[in-house]
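Colleague: sharing a sequence plus its predicted fold:
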Amino acid sequence: MAYSYQLKRVDFIFRNENDYEKVLSATIKKKPEDIINELISSELKGRGGAGFPTGLKWKLTAESKAPKKYVICNADEGEPGTFKDREILSKVPYKVLTAMAVCGYVTGATEGFIYLRGEYKFLEEELKKVIDEFHYYCKEINLDFTIKIFMGSGAYICGEETALMESMQGRRGEPRNKPPFPTQAGYMNMPTVVNNVETLVHAFTIFKYGAKKFYDLGVQYSRGTKLFSVSGDTPKPGIYELELGMSLQDFVYEFGDGDTKAVQVGGASGFLVPRKKFKDTAIGYEGKLVGISLPTGGSMMLFNSSRSMFNVLDNYLEFFREESCGQCTPCRVGCQQLLLGIKAVKRGEKPASYLNKLLKLTETMQLTAKCGLGQSVANSFSSIVENFREEMIY
Amino acid sequence: MEKKIQVTINGFPVDIQKGKTILEAAEEEGIKIPTLCYHKDLCVAGNCRVCVVEVVGQKRLSAACATPCEEGMEILTNSLKVRNSRKHIIELLLAEHNADCTKCYRNGNCELQDLASEYKIMTQDFIELAPLKNYTIDMFSPSIMKDDSKCIRCQRCVRTCAELQGVNALTVAYKGDRMKIATFFEKAMNDVVCTNCGQCVNHCPTGALVEKNYIEEVWEAISDPTKHVVVQTAPAVRVGLGEEMGMKPGERVTGKMAAALKRLGFDSVLDTDFTADLTIIEEGNELLSRLKKALVDKDKNVKLPMATSCSPGWIKYIEHLYPEYLDNLSTCKSPQQMFGALAKTYYAKARNLDPENIISVSIMPCTAKKFEAHRPEMHDSGYRDVDYVLTTRELAILIKQAGLDFDKLPPAKFDRLMGESTGAGVIFGATGGVMEAALRTAYELVTGREVPFENLNITSVRGMEGVRKATIKIEKPLKEWAFLDGVELKCAVAHGLVNAKKVMDAIKAGKADFHFVEIMACPGGCLGGGGQPIPTNPEIRGKRAEAIYAEDAELPIRKSHENPEVQKLYKDFLKEPLGEISHHLLHTKYTKRERF
């Protein structure tokens, strides 16, 4: 088919030049303010999915006054369809450690933690070795920074940063009220930077090559590159580093199997985009650009016409029903109602119009749930129900 | 003084201290924002989401209880967005809740029911969840029943058990749709560290946690002509019952209560305050004898500090968590159990009744008392010493069922025997009261003079501070107590088990050299007990405490040892404090229990 498209493959993240010592020692010779400004000017945003400006996060933590501060690398990669952090931690872990150490230098933290997903236990041993080596180097250059691994236990909700910290403090993994934000009162109530694994690697890239090189990639509001975990009905599933801002159409041309019916962008908590909207959808953070811009933590699931969207939604809702921490009403009861509701409609026990009631419910969940989990159930639910309504009913 | 900031609520400007939450700001403005998981006794959870409000400019709604006001905030508490969301949340809670209200013990006093009524939730479109789950009601405890089908997961009970009591018998288990409030390994409440204090019952917004009620049993006993039913009423009941009958907190209804009990058909309406006075005589003498053994005989085995044993929640707590200190407990039974033992011996004999035909009922501000009455060691009269224990709330139900217009009842007096009491007995109902009553008696016993405080008010042990300490120097004692000359009697008072823990840990660490400690399981003492009217909060507890001390101040006799009925009891029956009969009827021992 004659269609001119361009997917820009990039190779920063996994490029391995074994030069972390050089990058670290060179970076911490700069003033903390300069490092923060560099990060801010790169417009790097959090790669876990929420997209908070990383430079600002570091700045706020640096400005908080407290006897102790912490850096946490969020490696609780639990979003269905995401598997990039695992790859980063097994291929280029030292990049993550370096960025954490720089963050410690910038913010005044001397302790860092990697919150490692319970299912990634197999990474722990190797990671520990790398950390030991890294500690040795830190000592050599007189940098007071140590990193520990904290093993998660398999709850999806612990990827939410405040639940993660609760879990680290030995409590039940339940999200906290915000404010205060972690930059003011995080782990042990001390100012804390929580960054996704990939965010830290991008920070490394910026320290090494400068902000401009990063900024020049991507589009307005969505700068730089992103790792995508491509799965589903695709001939080439895997992990790809691509520039942000691409259109979903281009993505499907590259990765689709020719029969792509819809793409779920951002995992279970993301949006489902049907074929007719591929052209108008760009992958990136919300901005003032024309068309829909969808952020993602990296998960891209392709579905071809053999898939029932009802089953897809049913699967997501089952996931949420179980992975909600259960503390807040809209999420705990809402998820159960959505799941039972679509089943009841499918079985004809509730009228098709009941779907509208459920859509209203997701609005309330989005408005009132305590954390991102409950708030984002609406994304997949409304995008699937609105675009594939007939599949829900018949 | 903290800086003031300005916000607007529903368009009207409000000056509010920095750091206050939206909920507090609205309350100051006289705007009610509905809440469920919020309770003034507890930390903010922000999990029910009923209190959401709109902050103009923000994408999502904010939980009013958990969001601090910020300069210039425009808050809408009743916008359409807020109303719709709030209604939705109430509907969700009702879908999860076993809303069989007419069959619920809390029918008429349920925060969820109130909300449903306020928001006129007339339909239920959502799928009812309770029937889909295999809920069972935990009825094994003689004190507390737990029905998960009525639980709205606000975690007030969990926070109560952790923050007020430091017991952590109730905690959150599982996640997602299976998330529930559970005990260790979902054992029955009766088999875990639960102290039966009932604070969870008092803090539960719905009927998920209620006391086990014995209303029908008591009606049956009253109606049985072959039975002589005696009733005793604890000191804290008379300052709480009024609230259940529609009065303001802090109203004293002693006379009306006695009148109501008589009209309910009890054969004899008596007073636990009488045995409170008796407790003071026994416990005071026990303390002095321990001091003598320690100071004069240099007996290394004598255990100090001596701790009070009136609060059955505290007793069970120490059995579970500090069993190595069981010997520090006073061997005295609680006033309720002393009363029970005497009712079926001394009272029966004096009134010429067969103890087998006596049913002994007690009205308590407490759920742990139900458990206490069930203890196997509480059979010293040869029968079960106390047959049924009702809470203040259950008594209110009895009165309402009997159709009595409480307001119009002319005050009555307690019957005799065992109905006479003193101000010292009354203050048992407040934290520090046992200590104060004991000091009034012990000091006078030792020195022959009244305690050196104005109007006998030992204000240093009063108040609502979690742990209070006091020292009283004994000067110029009578000859037989000469060994106490110059001794500084060190006392500590704690209420709420989380504060008991502080005292016990200090003792354990060797950092405390108290002689006598008073510990009450519930915040505020019995007046804040788990069996008291719902709601109970810091303000209400303060009002009830004022009422207790006012009652004390008005009574002609305010020292336990001057209670003429108690004096007569010793003369006719017990012979002497700590004597053989006392030992048999009024003292007991406790046992170690598991820690989970």
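Modeller: Ah, there it is. Since we're looking at a predicted model, the values are computed, not measured.
Colleague: hey, where'd the helices end up in the stretch 351-500 of chain B?
Modeller: B:368-374, B:392-401, B:423-426, B:433-447, B:497-508 (DSSP state H, counting those that start in this stretch).
Colleague: so what's the residue in the stretch 51-200 of chain A that chain B sits nearest to up against?
Modeller: At 3.9 Å from chain B, residue A:177 is the closest residue in the stretch 51-200 of chain A, using Cβ to the nearest Cβ. Heads up, the C-betas are built off the backbone N, CA and C, glycines and all. Taking Cβ atoms under 8 Å, 6 or more residues apart in numbering or on different chains, we find residue A:177 in contact with A:370, B:44, B:46, B:63, B:66-67.
Colleague: ok, it to residue B:44 distance?
Modeller: Taking Cβ to Cβ, to the nearest Å as the measure, residue A:177 and residue B:44 are separated by 7 Å.
Colleague: repeat for residue B:270
Modeller: Applying Cβ to Cβ to residue B:270 and residue B:44 gives a distance of 44 Å.
Colleague: between the two, which is the more surrounded one?
Modeller: residue B:270 (28 against 16; other Cβ atoms under 10 Å in any protein chain shown).
Colleague: wait, is the more buried one part of a strand?
Modeller: Yes - looking at residue B:270 with DSSP: H, G, I helix; E, B strand; the rest coil, it is inside a strand.
Colleague: check contacts around it.
Modeller: B:230-233, B:339, B:343, B:414-415, B:417-419.
Colleague: so what strands line up beside the lowest-mean-pLDDT helix or strand in chain A?
Modeller: The weakest-scoring helix or strand in chain A, judged by mean pLDDT, DSSP states H and E, is strand A:292-294 (a mean of 82). Strand pairing for strand A:292-294, determined by DSSP bridges: strand A:281-283 (parallel).
Colleague: helix B:433-447 and the host helix or strand of residue B:519, what's the angle between them?
Modeller: In this structure, residue B:519 is located in strand B:516-520 according to DSSP states H and E. Interaxial angle, strand B:516-520 versus helix B:433-447 (axes from the mean of the first three to the mean of the last three Cα atoms, to 10 degrees): 160 degrees.
Colleague: show me what from chain B comes close to chain A.
Modeller: With Cβ under 8 Å from any Cβ of the partner chain as the criterion, chain B comes near chain A at residues B:44-50, B:52, B:60-61, B:63, B:66-68, B:81, B:84-85, B:88-89, B:92-93, B:95-96, B:125-127, B:129, B:152-153, B:155, B:172, B:174-179.
Colleague: which residues sit in contact with the residue nearest in space to the middle of chain A?
Modeller: In chain A, the centroid-proximal residue (Cα atoms, centre = their mean) is residue A:48; its distance is 1.8 Å. With contact taken as Cβ under 8 Å, 6+ apart, residue A:48 is in contact with A:74, A:159, A:195-196, A:198-199, A:297.
Colleague: quick one: name whatever helix or strand follows the one helix or strand residue A:382 maps to.
Modeller: Assigned by DSSP H and E, residue A:382 belongs to helix A:372-387. Scanning forward in sequence from helix A:372-387 by DSSP H and E, the next helix or strand is helix A:389-393.
Colleague: name the SS class of the residue in the stretch 201-350 of chain A positioned nearest to chain B, please.
Modeller: Nearest residue of the stretch 201-350 of chain A to chain B (Cβ to the nearest Cβ) works out as residue A:326 at 2.6 Å. Look at residue A:326: counting by three-state DSSP, its state is coil.
Colleague: pull the contacting residues for the closest residue to it other than its chain neighbours.
Modeller: Spatial nearest neighbour of residue A:326, excluding adjacent residues (Cβ to Cβ, 6 or more residues apart in numbering or on different chains): residue B:179 at 2.6 Å. Neighbouring residues of residue B:179 by Cβ under 8 Å, 6+ apart: A:324-327, A:332, B:153, B:172-173.
Colleague: for the residues you listed, give me JSON lines that also has distance to residue A:312, neighbour count and pLDDT.
Modeller: Compiled in JSON lines, those are given as follows (distance: Cβ to Cβ, whole Å; neighbours: other Cβ atoms under 10 Å in any protein chain shown; pLDDT from 0 to 100):
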{"residue": "A:324", "distance to residue A:312": "19", "neighbour count": "27", "pLDDT": "97"}
{"residue": "A:325", "distance to residue A:312": "24", "neighbour count": "28", "pLDDT": "96"}
{"residue": "A:326", "distance to residue A:312": "24", "neighbour count": "26", "pLDDT": "96"}
{"residue": "A:327", "distance to residue A:312": "27", "neighbour count": "27", "pLDDT": "96"}
{"residue": "A:332", "distance to residue A:312": "23", "neighbour count": "28", "pLDDT": "97"}
{"residue": "B:153", "distance to residue A:312": "29", "neighbour count": "25", "pLDDT": "96"}
{"residue": "B:172", "distance to residue A:312": "31", "neighbour count": "18", "pLDDT": "96"}
{"residue": "B:173", "distance to residue A:312": "31", "neighbour count": "16", "pLDDT": "95"}
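Colleague: return the member of those residues nearest to residue B:32.
Modeller: residue B:153 (22.9 Å; Cβ to Cβ).
Colleague: residue B:177 is in contact with the closest one, correct?
Modeller: No - the criterion here is Cβ atoms under 8 Å, and residue B:153 misses it with residue B:177 at 10.8 Å.
Colleague: next, show the common contact partners of those two.
Modeller: By Cβ under 8 Å, 6+ apart, the residues touching both residue B:153 and residue B:177 are A:326, A:332.
Colleague: give me the number of residues near residue 116?
Modeller: Here I'm looking at chain A. Neighbour number of residue A:116 under other Cβ under 10 Å is 24.
Colleague: you looked at the wrong chain, it should be chain B
Modeller: 20.
Colleague: returning to what we had before: got the buried residues for the least confident helix or strand of chain A?
Modeller: A:293-294 (16 or more other Cβ atoms under 10 Å in any protein chain shown).
Colleague: next secondary structure element downstream of it?
Modeller: Downstream of strand A:292-294 (by DSSP H and E), the next one is strand A:299-304.
Colleague: neighbouring contacts of that next one?
Modeller: With Cβ under 8 Å, 6+ apart as the criterion, strand A:299-304 contacts A:79-82, A:228-234, A:251-252, A:255-257, A:259-267, A:270, A:309, A:312.
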